[in-house]
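> attaching a predicted model along with its sequence, questions to come.
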Amino acid sequence: MQNSDNSDDQYDEQYSDDQQESPRFLYNFRELNLQNKTLLGEIRIICKNLIYVIGLAPSLAKEELLRKPEYFGQYGQIQKLIVIQSNTFNPPSHAAYITYRNEQEASMAILVNILNQLIGL
């Protein structure tokens, strides 16, 4: 019986040590002082009305074109659109961050484009 009790104690000690690590807490942005704002680099912020599109053709990677109803404008009101070109690949890679008015519009843009990929449009 003593051996099993010792193994339980070892397990408890290991479990306690694991809990000693400091947990990460999310704070209200206004509550952070300048020193603590450096911690924001380690925090991932989820924005449900934002989509990230990769693999854009260079001819399509233009803000005014992507806003049109023929492209991403058909899914809802675009609040903000940023096109990015990465020169680390040859040919250069294009991507876009598109912020919609709400989560439903962003979800629709994602779903329609996934379906188009599945059926080969």
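Ah, there it is.
> leaving out sequence neighbours, find the closest residue to Ser86.
Counting by Cβ to Cβ, 6 or more residues apart in numbering, Ser86 lies nearest to Ser93, which is 4.5 Å off, once chain neighbours are set aside. The way it works is simple: take the backbone N, C-alpha and C, and place the C-beta from them, glycine included.
> now for the one you found, how many residues are close by?
If you count neighbours by other Cβ atoms under 10 Å, Ser93 ends up with 16.
> and it, what does it touch?
Contacts were defined as Cβ atoms under 8 Å, 6 or more residues apart in numbering; by that measure Ser93 touches Ile54, Gly55, Gln85, Ser86.
> can you check Gln79 too?
Contacts of Gln79 (Cβ under 8 Å, 6+ apart): Asn49, Thr99, Tyr100, Arg101.
> now the helix or strand hosting Ile84 - C-alpha only, PDB.
Following DSSP states H and E, one finds Ile84 within strand 78-86. Output of strand 78-86 as PDB, limited to C-alpha atoms (Å, rounded to 0.1, in the frame of the first residue of the first chain):
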ATOM      1  CA  ILE A  78     -17.000  46.300 -46.300                       C
ATOM      2  CA  GLN A  79     -15.700  48.500 -43.500                       C
ATOM      3  CA  LYS A  80     -12.000  48.200 -44.200                       C
ATOM      4  CA  LEU A  81     -10.000  46.400 -46.800                       C
ATOM      5  CA  ILE A  82      -6.200  46.100 -46.900                       C
ATOM      6  CA  VAL A  83      -4.300  44.400 -49.700                       C
ATOM      7  CA  ILE A  84      -0.800  43.000 -49.000                       C
ATOM      8  CA  GLN A  85       1.900  42.000 -51.400                       C
ATOM      9  CA  SER A  86       4.600  39.700 -50.100                       C
END
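> skip ahead from that strand and say which helix or strand is next.
strand 93-100.
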